[in-house]
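[1] Sequence below, structure please.
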Amino acid sequence: LFSLRNYTLKLWLCIMWLCTMGQSFEKVVRVKECQGEPGKPYCKTLILTNTQANDSGYYRCFYQDIKAIIDGTTAVSMFVFVRGEDCKQTNFILELKMSVLIRITSDFQMMFEINVLLFIQLEEPPLLLEGNEITWNNKRGWSVPRHIFENISILFGFFCSTSVHNNEHRSSVYLVQNIGQKFYEFKLFPEHSPVELMQGEALELNCTALVEFNTGVEFQWDYPGQKVITRPHCIFTFSRFRVQQHGLEIREVCKQDAGEYTVVLKNTRAALEKRLNFTLIVNVPPQIHEKEAATPTNPYRRSSRQTLTCTATGTPPATITWQWRPWSPYAVNPIESIEILTEMVDGKEKTVSHLVIQSANVSAMYKCSAENKVGRDERLIYFYVTSFGIEMEPSEDPLEQDLVRLKCNADNYTYENLRWYRLDPQAVPPELDCKSLHQYAGSLGGELSFQTASNNWVLELTFTNIQLQDEGNYVCEVQNRGSGEKHCHRKYIPVKALEAPRYRNNPTNQTVNVSESLQMECDVEGTPSPQLSWFKDNQPLHQISGILLQDSNRTLSIQRVREEDAGLYTCRACNQRGCVQSSATVSVIGSDDKTNVEIVILIGTGVIAIFFWVLLLVIFCNVKRVNQADIKTGYLSIIMDPGEVPLEEQCEYLPYDSSQWEISRDRLRLGKVLGHGAFGKVIEASIFGHDKKTCSNTVAVKMLKEGATANEHKALMSELKILIHIGNHLNVVNLLGACTKPNGPLMVIVEYCKYGNLSNFLRTKREFFLPNYPQQPNIFTESAVDDLWKTPLTIEDLICYSFQVARGMEFLGSRKCIHRDLAARNILLSENNVVKICDFGLARDIYKDPDYVRKGNARLPLKWMAPESIFDKVYTSQSDVWSFGVLLWEIFSLGASPYPGLQIDEDFCKRLKDGTRMRAPDNASPEIYGIMLACWQGEPRERPTFPALVEILGDLLQENSLPVRKKKKKTPTYYEILKSHSMCLRAQRMMASHSLPLDNHHKRRSDSPATQCPLGTYTFYISVGGLILT
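    Numbering: from 1, shown residues only. The predicted model follows:
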């Protein structure tokens, strides 16, 4: 035991004791305050107990808060020598550039010089260390520079030896460790960041450090999660440059664990620090927030604007889609907009979708679907529309003795207890009050029925023969199911009294000259409006050439009066109350001879004028003759191959059986123009007596424009004959008949397709395209399904259209036919979602259609043409396959124009030949795009045939639905697509189950699949853009 005491004058300075090695003894020895001396009142004592020889050394007392430590001024030092037995083994930590100080103590008094030797213990025998750099100090011991032994060994020892009076004394061994201070390489496993894990999976991080041997490394982790278990373990090997250390594990990751993980590697002694970062993404299946806080659905007021909201959380952010199924197959709720936003709610990023319903018309069930790559969640919203109102049928202004129905409609979800009342005309209140309704109204009956489709109660009040006394206010009362509150609606029925016809002005006698015009008025009134009819000399008078009946027969006009028009004219007016009539005499002055002279003069003048017009027209045509290549291109009709049959003989090449195909023009009633071109037009018409089941059928009539040339007439006749030769197929616009007899225009009568061409139809249905809309036949009635405008468009419909076109082209190929203008504009859509391949022929104006681009002397649909057709004018069935690929792109882009943004010019043709192809449209699956690329092979022989396309698309159609860009799939090659099969026979059976309604007089060849025998050895062609038979 020994103690050291120090005195000072300065009160505000702290006194510290240090040994000469710089190690603080505040924590290993006892330091206490002591009593000062006069003039030096402050004192600290350092007490060491159980001292050993190793405690020998310099001890210093100094002021703590003074940086400059100077012995004699701010500090005082003294050397303490501790006598003792042999020292225990001592360990040293060797630092970079540090010399080794080995303390040697002895029990002998240093009264004389002794010889102390230093040995290093590597192996037997010990090695004596000598040299000028190795110094001995009686107080401090041996000093050995580091470089002498730093490469000798990793772990070694020193001891000292001396002889006193011939007795050898040896110290204990001092062990020395070599401490490293260099960082080389760090790795954090897993190496790739970020790492995505599913919620609930385990995370294990390991950090490996490659450092200089025996370099101390401290690991510090910074992480966002809470359920973290650290596993500290240190593995030291005697390899010089490898240290593996720390790991971090999360047993079940949750969303809160996502974020940045940082491990900090430190060596405090060497002031080294290294940071490694790791990013964790925790994928969480989507969850719809509204499902957790779902409330009972309240009804929505009819015709009101409503907004449905769907909020979803998940990682990655969910994609929200909407679907709906109406309870009524007729009414719809028009959608104003669908908004998708990203919001921060309660510190979480959420995807919010707002479905804005413009007008709530019908109750329905909406489904909100939230989906990401790890899961899916759904929410059903029952959208109840409350409806309460009164309807009057069949007219809002009934007449006396009419049939009148009052219908009170109330939805079953909200209302019950429907009752009819009639207000007392003498006690009608200013405002309708349901609470006091019984005081001034009488109860009525009615027939109560329930409409399942609309979920409504209907209370019907019927007047089979309404009378004037039935006029008045009628009230329908209903009761709210939830609150019991009663609601009322009032309807006023006005009843007009019947009035017999009466003349306001009677017709007057008239005298007119021959060839003048005559007009007579029948000014009559009555309730209801009388039906008028005219008589001449008591014989019914009808509208014929020269006699017009206008304004519901109120006005009779004769354009050029003749002598035989003189006589007694009578106008008769009749309604339910009776009939009245009035007559007037018409006298004609003059003779028809004068009229004949005038007619001769007029005819002569007209003939001369016509002659000059024809002469001018001939001169004009000779000056500016239409290019024959353009005319030929514009026909778009079927002609024979000019290489085998001269053009002038084609019209006579095929037979025309008038007994089978001729239809009288009197059976046709022409309507509106469906399409027109530079040389012809297509007109909607009604044909009478064609089908025994119906009175009339709607058809399409192809005919020439006025002033058509003989070549155009011959081209249309040739098209008629080859259409007869081709035969009938469900997916081709079929021939029904023709009008070819003289004294009338040439007419080719074909099937009528009510929904127009497929290109316009797809563009119109873009807003109603629901890719994954479930096909449930029981949702819609048969009449609703028949109207394609009321049903949504689905992916299955697009595949069905593609399959049907392939079937039609397969049939045309079996009849040796090539279609050089296969595009969505030449595909028509008929009832029951049936598509038909057509040829507009003369009815398309290629001069104004932007799809036809001038190349040389012709206008061609370059966007749809194969390279060999553009450059070599080669047209085959395989060039049609190329056009079919472009048609697929049109279908799955919902009617977009191909090659958007590209200028169609010579550079476009060159890029097409070099391999430029369109990207996949948004709605095309990888399988469909693979079919497109197969059709766009540069070598025609590498493209699929139409029978193969029928089989491939049939298999896709059988799958009933296709994923639309849900996952990134590898686009299949054509050869991979051809591996799918087995649909062809099923497709044939399905197509054979459909038949075209025709009477026995107009039966033609049955639908022939492509596997049947082709037609002889004939080879036929069509002009550019039409069909070609080969």
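
[2] Just the element for Ile799, please.
    Using DSSP states H and E, Ile799 sits in helix 795-814.

[3] Name the next helix or strand following that helix along the chain.
    Next in sequence after helix 795-814, counting helices and strands by DSSP H and E, comes strand 817-819.

[4] Give me the helices and strands touching that next one, please.
    helix 795-814, helix 877-892, strand 1020-1022, strand 1027-1029 (3 or more C-beta pairs under 8 Å, 6 or more residues apart in numbering; DSSP states H and E). In this view, the C-beta of every residue, glycine as well, is placed from N, C-alpha and C.

[5] Check which element follows that strand along the chain.
    Strand 817-819 is succeeded, C-terminally, by strand 827-829 (DSSP H and E).

[6] chain center to the helix holding Ile799: distance?
    Chain-centre distance of helix 795-814: 24 Å, with C-alpha atoms, centre = their mean, to the nearest Å.

[7] and what of stretch 402-416?
    The answer for stretch 402-416 is 41 Å, by C-alpha atoms, centre = their mean.

[8] can you tell me the average pLDDT over the helix or strand hosting Leu175?
    With secondary structure defined by DSSP H and E, Leu175 is part of strand 174-178. Strand 174-178 carries an average pLDDT of 71.

[9] Over to stretch 423-439?
    Stretch 423-439 carries an average pLDDT of 75.

[10] Report the secondary structure state of Lys435.
    Following DSSP: H, G, I helix; E, B strand; the rest coil, Lys435 is assigned to helix.

[11] And it, how close does it get to Leu423?
    15 Å (C-beta to C-beta, to the nearest Å).

[12] More neighbours: those two, which one.
    Leu423 (19 against 9; other C-beta atoms under 10 Å).

[13] Might one say that that one is in contact with Cys476?
    No. With contact defined as C-beta atoms under 8 Å, Leu423 does not reach Cys476; the gap is 11.8 Å.

[14] Could you pull out the buried residues of stretch 256-265?
    For stretch 256-265, burial by neighbour count (16 or more other C-beta atoms under 10 Å) applies to 257-258, 261, 263, 265.

[15] Using PDB, write out every CA atom in that stretch.
    Only the C-alpha atoms of stretch 256-265 are listed here, as PDB (Å, rounded to 0.1, in the frame of the first residue of the first chain):
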ATOM      1  CA  GLN A 256     -43.300  -1.300 -40.900                       C
ATOM      2  CA  ASP A 257     -40.000  -3.100 -41.500                       C
ATOM      3  CA  ALA A 258     -39.700  -1.600 -45.000                       C
ATOM      4  CA  GLY A 259     -37.000   1.000 -45.500                       C
ATOM      5  CA  GLU A 260     -33.300   1.600 -45.300                       C
ATOM      6  CA  TYR A 261     -31.000  -0.600 -43.200                       C
ATOM      7  CA  THR A 262     -27.600   0.700 -42.300                       C
ATOM      8  CA  VAL A 263     -24.700  -1.100 -40.700                       C
ATOM      9  CA  VAL A 264     -21.800   1.100 -39.400                       C
ATOM     10  CA  LEU A 265     -18.400  -0.600 -39.000                       C
END
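
[16] Show the average pLDDT along it.
    Here the average pLDDT along stretch 256-265 is 84.

[17] what's the spacing between it and its chain's center?
    Using C-alpha atoms, centre = their mean, the offset of stretch 256-265 from its chain centre is 37 Å.

[18] and if you look at stretch 72-82?
    Relative to its chain's centre, stretch 72-82 lies at 87 Å (C-alpha atoms, centre = their mean).

[19] Then stretch 171-190?
    Worked out by C-alpha atoms, centre = their mean, stretch 171-190 lies 61 Å from the chain centre.

[20] May I see the buried residues of the helix or strand where Trp420 lies?
    Taking DSSP H and E as the criterion, Trp420 maps to strand 415-423. When burial is assessed from 16+ other C-beta under 10 Å, strand 415-423 yields the following buried residues: 415, 418-423.

[21] so what strands line up beside it?
    Strand pairing for strand 415-423, determined by DSSP bridges: strand 441-444 (antiparallel), strand 472-480 (antiparallel).

[22] Would you mind putting the CA coordinates of the longest one into PDB?
    In PDB, the C-alpha atoms belonging to strand 472-480 read as follows (Å, rounded to 0.1, in the frame of the first residue of the first chain):
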ATOM      1  CA  GLY A 472    -108.900  15.400 -62.100                       C
ATOM      2  CA  ASN A 473    -106.000  14.900 -59.600                       C
ATOM      3  CA  TYR A 474    -104.900  11.400 -58.700                       C
ATOM      4  CA  VAL A 475    -102.500  10.700 -55.800                       C
ATOM      5  CA  CYS A 476    -100.300   7.700 -55.200                       C
ATOM      6  CA  GLU A 477     -99.300   7.100 -51.600                       C
ATOM      7  CA  VAL A 478     -96.300   4.900 -50.400                       C
ATOM      8  CA  GLN A 479     -94.800   4.200 -47.100                       C
ATOM      9  CA  ASN A 480     -91.000   4.100 -46.300                       C
END
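
[23] So which residues make contact with that strand?
    388, 390, 406, 408, 410, 414-423, 425, 428, 432, 434, 437, 441, 444, 459, 461, 485-493 (C-beta atoms under 8 Å, 6 or more residues apart in numbering).

[24] which one of the helices and strands packed on strand 817-819 has the lowest average pLDDT?
    Per-stretch mean pLDDT for these is lowest at strand 1020-1022 (a mean of 30).

[25] Of the helices and strands packed on strand 817-819, which is nearest Leu654?
    With C-beta to C-beta as the criterion, Leu654 lies closest to strand 1020-1022 of those, at 9.2 Å.

[26] For Gln469, which three-state class applies?
    helix.

[27] That one - how many residues pack around it?
    Per other C-beta under 10 Å, the neighbour tally for Gln469 reads 8.

[28] do you know how far it is from Pro494?
    In terms of C-beta to C-beta, Gln469 sits 13 Å off from Pro494.

[29] Secondary structure of Val600: a strand, I assume?
    No. Secondary structure of Val600 (three-state DSSP): helix, not part of a strand.

[30] To Leu272, which of the strands paired with strand 415-423 lies closest?
    Here strand 472-480 is closest among those (C-beta to C-beta), at 79.2 Å.
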